[in-house]
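A.B. asks: Predicted model and sequence follow; I will ask about them next.
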Amino acid sequence: MSEKLLMKGNEALGEAAVRAGCRLYFAYPITPQSELPEYLSRRMPEVGGVFLQAESEIAAINMVYGASGAGARVMTSSSSPGISLKQEGLSYIAGAELPCVIVNMARGGPGLGSIQPSQSDYLQATKGGGHGDYRLIVLAPASVQEIVDLTTLAFDLADKYRNPVMIMGDGLLGQMMEPVTFPDEVKKDLPPKPWATTGWKKDRPKNIINSLELQPERLEEHNRHLQEKYARIAREETRWEEYLTQDAEVVVVAYGTVARIARSAVEAAREKGIKAGLFRPITLWPYPYDALGRLAETAKNFLTVEMNCGQMVEDVRLAVNGQRPVYFYGRSGGMVPTPEEVSAEIEKLAYGRCEA
Amino acid sequence: MKPVFTRPRSLADVTTHYCPGCTHGIIHRLIAEAIDELDIAERTIGVAPVGCSVLAYNYFNVDFQEAAHGRAPAVATGIKRALPDSVVFTYQGDGDLASIGTAEIVHAANRGEAITVIYVNNAIYGMTGGQMAPTTLAGQKTTTSPYGRDVKLCGYPIRMAELLSTLVAPRYIARVAVNSPAHVQQAKRAIKRAFEVQVNDRGFALVEVLSTCPTNWGLPPKKALEWLEENMIPYYPLGEFKVPKEAE
């Protein structure tokens, strides 16, 4: 590994993308992720890459479509309102099975909301967002180092499955500075993409990048193919982390920034003799239903903690499947829960409480 | 015997879905001829729109991408930036380019993206059944302007070639028509020029092609050609609005 650097999350993400072989980046400025386009506007020319500030989020995601269809490793980034604008493009990209990476450094909503950190795009990211039956792979880093690690992974997963991959952070993660190390080698051997539109020299069938299929039988067949792919991704790529869950009676479920706050709360609870643990989904889709469900055999209560109004609760309930009660504690609008607040919720559950 | 008229190599030998009398077929042929004559088929990538020409990718023997409605210039930008030595063209109708895709075309033109845009203006939404387009003429009846386009309510038909000609970056902008043999010959020269500008000068080029829609205009094909001459050309004058400097 190379030397340790102190970097902002947004900038570390940009550097990780470059080292993963990403040479095209299209985006529109929006707080709190603007350090990423600013970083790449400096960095891309150094490696012979393309930085292009698009006229809109919509244009940016469609530039990603074109570049990905031409076989390139390509990325765009934004924050919540801008990600809403990209949903049309994401649906087309998923339908046409184009590999690419989309970054959402999420902020408070709905509407113009705020510029403070939030996780209120969970449902949009994991359940659709755009039209049609499709899935994004959604990765949720909890530290600047994990931003680097998951950005590298994101490009590989995108190519492996020909699927868009979203890195889901928040304003806090994007703007905080932490020490990071990057992989030494810049990726050079990218997987072949015989399906890409690179000019038809009659040495292969003509390539068409497309999501249109007017024959209902053929569109249904395409949907079956996509669903089989999504099932394979769910089997092979589900990722999570557990902390002190083995004997935990109260299992806190949290991801990203909030998982770090929850970890402090779990440690504080342990010091008070409460058997608390933390379950942290790393892939928000595919969601680690089975691993979380297994904890229902030993845990008494589950506490979902999020920076939103409870968007992940339904997934935790699906995982626990009625075996144990699932509670929720959240802050929204850009408010960040404190370890003390989460500890207090853990204590309530440990010492018994009635309301669900 | 020497063949004197054959199908261009870049035009696929398939039956199209276009209505009888529609002039998309002529425009497709002119593009294919230009690609053949410049010998660029192996590095050409087309971008199809949403609209009547949504299936254009089936009609050319070149790689193609199908874009979302209006987004073809952004998709073309992505392709061209990824593959700078490719030749990229978009094929877009007036609903696609002049309505839902105005931001994308204005900014692709303003950046001077080295792409060729073939903009087909038939003053109506064809694919969806003849609704009013931003290019629909004043007083023209459509399925969403049954009393005729009221410019007080809907504004005036938009002249994209002139509008884009105010930008600094574009190298070549022209308006042509395909309603007569003489106009088809002019259109052929303009379309070829628009590809040459991309290949030789690495500049943005757009050709607006006035086209007919007999089905949704409710006219027989020959009458539609006359209607274009009498109604569209007076409002949408033909000509070259921007040409590369050395050729001026």
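C.D. replies: Received, thanks.
A.B. asks: give me the low-pLDDT residue ranges for the chain?
C.D. replies: Because you didn't say which chain, this covers chain A. Scanning chain A with the threshold set as pLDDT under 70 gives A:1, A:185-187, A:353-356.
A.B. asks: was after chain B, sorry
C.D. replies: B:246-248.
A.B. asks: tell me which residues in stretch A:47-65 are buried?
C.D. replies: A:49-52, A:54-65 (16 or more other CB atoms under 10 Å in any protein chain shown). Yep, even glycine has a C-beta here, placed from its N, CA and C like the rest.
A.B. asks: got it, and stretch B:207-222?
C.D. replies: Within stretch B:207-222, judged by 16+ other CB under 10 Å, the buried ones are B:207-217, B:219.
A.B. asks: repeat for stretch B:38-48
C.D. replies: Within stretch B:38-48, the residues scored as buried using 16+ other CB under 10 Å are B:38, B:40-48.
A.B. asks: Need the distance between the two termini of it.
C.D. replies: 21 Å (CA to CA, to the nearest Å).
A.B. asks: How about it and chain A, touching?
C.D. replies: Yes. Using CB under 8 Å from any CB of the partner chain, stretch B:38-48 reaches chain A at B:41-45, B:47.
A.B. asks: Next up, identify which helix or strand the residue of chain B found nearest chain A is on.
C.D. replies: Nearest residue of chain B to chain A (CB to the nearest CB) works out as residue B:78 at 2.6 Å. Assigned by DSSP states H and E, residue B:78 belongs to helix B:72-82.
A.B. asks: Relative to residue A:307, how far out is residue A:48?
C.D. replies: Residue A:48 sits 39 Å away from residue A:307, going by CB to CB, to the nearest Å.
A.B. asks: Check residue B:18 too.
C.D. replies: For residue B:18, the distance to residue A:307 - CB to CB - is 53 Å.
A.B. asks: Next, residue A:167: secondary structure please.
C.D. replies: strand (DSSP: H, G, I helix; E, B strand; the rest coil).
A.B. asks: so who does the spatially closest residue to it that is not a sequence neighbour touch?
C.D. replies: Spatial nearest neighbour of residue A:167, excluding adjacent residues (CB to CB, 6 or more residues apart in numbering or on different chains): residue A:103 at 4.8 Å. Taking CB atoms under 8 Å, 6 or more residues apart in numbering or on different chains, we find residue A:103 in contact with A:13, A:33, A:36, A:75-78, A:166-167, A:169.
A.B. asks: And residue A:198, by the same measure?
C.D. replies: A:70-71, A:207, B:45, B:63, B:83, B:86.
A.B. asks: Residue A:307: neighbour count?
C.D. replies: Residue A:307 has 29 neighbours, counted by other CB atoms under 10 Å in any protein chain shown.
A.B. asks: what's the distance between it and chain B?
C.D. replies: Using CB to the nearest CB, to the nearest Å, residue A:307 is found at 32 Å from chain B.
A.B. asks: the longest helix in chain B is where?
C.D. replies: Secondary structure of chain B read by DSSP state H shows that its longest helix is helix B:181-201.
A.B. asks: in it, what counts as buried?
C.D. replies: B:183-184, B:186-188, B:190-199, B:201.
A.B. asks: so which of the residues you listed would you say is closest to residue A:129?
C.D. replies: residue B:198 (35.3 Å; CB to CB).
A.B. asks: isn't the closest one right up against residue B:115?
C.D. replies: Yes. Between residue B:198 and residue B:115 there is a contact under CB atoms under 8 Å: 6.4 Å.
A.B. asks: Touching both of these two, which residues are there?
C.D. replies: With CB under 8 Å, 6+ apart as the test, residue B:198 and residue B:115 both reach B:88-89, B:204-205.
A.B. asks: Restricting to the buried residues of stretch A:47-65, which residues neighbour chain B?
C.D. replies: Answer for those near chain B (CB under 8 Å from any CB): A:50, A:52, A:54-56, A:58-60, A:62-65.
A.B. asks: how about the helices of chain B, start to end?
C.D. replies: B:24-38, B:72-82, B:94-95, B:102-111, B:151-154, B:160-165, B:181-201, B:214-217, B:221-227, B:233-235.
A.B. asks: could I get those as CSV with distance to residue A:335?
C.D. replies: Output for the helices of chain B, formatted as CSV (distance: least, CB to CB, whole Å):
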stretch, distance to residue A:335
helix B:24-38, 56
helix B:72-82, 36
helix B:94-95, 45
helix B:102-111, 35
helix B:151-154, 46
helix B:160-165, 47
helix B:181-201, 52
helix B:214-217, 55
helix B:221-227, 63
helix B:233-235, 57
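A.B. asks: Show me which residues of chain B sit near chain A.
C.D. replies: Residues of chain B lying near chain A (CB under 8 Å from any CB): B:41-45, B:47, B:54-55, B:57, B:61-68, B:71, B:74-83, B:86, B:103-104, B:106-107.
A.B. asks: what's across from the most centrally placed residue in chain B in the sheet?
C.D. replies: For chain B, the residue nearest the mean C-alpha position is residue B:119 (2.2 Å; CA atoms, centre = their mean). Counting by DSSP bridges, residue B:119 forms beta bridges with residue B:92, residue B:208.
A.B. asks: follow-up on the earlier one: among the contacts of residue A:198, find me the one that's closest to residue A:158.
C.D. replies: Once CB to CB is applied, the member of the contacts of residue A:198 that ends up nearest residue A:158 is residue A:71, at 12.5 Å.
A.B. asks: Spatially nearest residue to that closest one (excluding sequence neighbours)?
C.D. replies: In space, and not counting its chain neighbours, residue A:71 is closest to residue A:196: 3.3 Å by CB to CB, 6+ apart.
A.B. asks: and the one you found, how many neighbours does it have?
C.D. replies: 23.
A.B. asks: Equivalent analysis for residue A:240, please.
C.D. replies: The burial count for residue A:240: 16, using other CB under 10 Å.
A.B. asks: Please apply the same query to residue B:155.
C.D. replies: Residue B:155: 11 neighbours (other CB under 10 Å).
A.B. asks: how far away is it from residue A:27?
C.D. replies: Taking CB to CB, one finds residue B:155 at 32 Å from residue A:27.
A.B. asks: quick one: the longest helix along chain A to chain centroid distance?
C.D. replies: For chain A, the helix that runs over the most residues, judged by DSSP H, is helix A:216-237. Between the centre of helix A:216-237 and the centre of its chain there are 20 Å (CA atoms, centre = their mean, to the nearest Å).
A.B. asks: Check which element follows that helix along the chain.
C.D. replies: strand A:240-243.
A.B. asks: so where does whichever residue of chain A sits closest to chain B fall, helix or strand?
C.D. replies: Per CB to the nearest CB, residue A:66 is where chain A lies closest to chain B, at 2.6 Å. Per DSSP H and E, residue A:66 falls inside helix A:57-69.
A.B. asks: Point out the residues in chain A that sit beside chain B.
C.D. replies: Within chain A, the residues that sit near chain B (CB under 8 Å from any CB) are A:24, A:26, A:50, A:52, A:54-56, A:58-60, A:62-72, A:74, A:88-89, A:92, A:96, A:197-202, A:206-212.
A.B. asks: Could you pull up the contacting residues of residue A:15?
C.D. replies: Neighbours of residue A:15 in contact, by CB under 8 Å, 6+ apart: A:7, A:39, A:43, A:148, A:182.
A.B. asks: go on, residue A:69?
C.D. replies: Taking CB under 8 Å, 6+ apart, one finds A:96, A:98, A:196-197, A:209, B:65, B:75, B:78-79 in contact with residue A:69.
A.B. asks: just residue A:306 next, same as before
C.D. replies: A:119, A:122, A:254-255, A:258, A:312, A:328, A:330.
A.B. asks: Let's see that with 7 Å instead.
C.D. replies: Remark: with contacts taken as CB atoms under 7 Å, 6 or more residues apart in numbering or on different chains, residue A:306 is in contact with A:119, A:254, A:258, A:312, A:330.
A.B. asks: shouldn't the fourth one be in contact with residue A:122?
C.D. replies: Same thing as residue A:312. Yes. Here residue A:312 reaches residue A:122: they are 5.6 Å apart, a contact under CB atoms under 7 Å.
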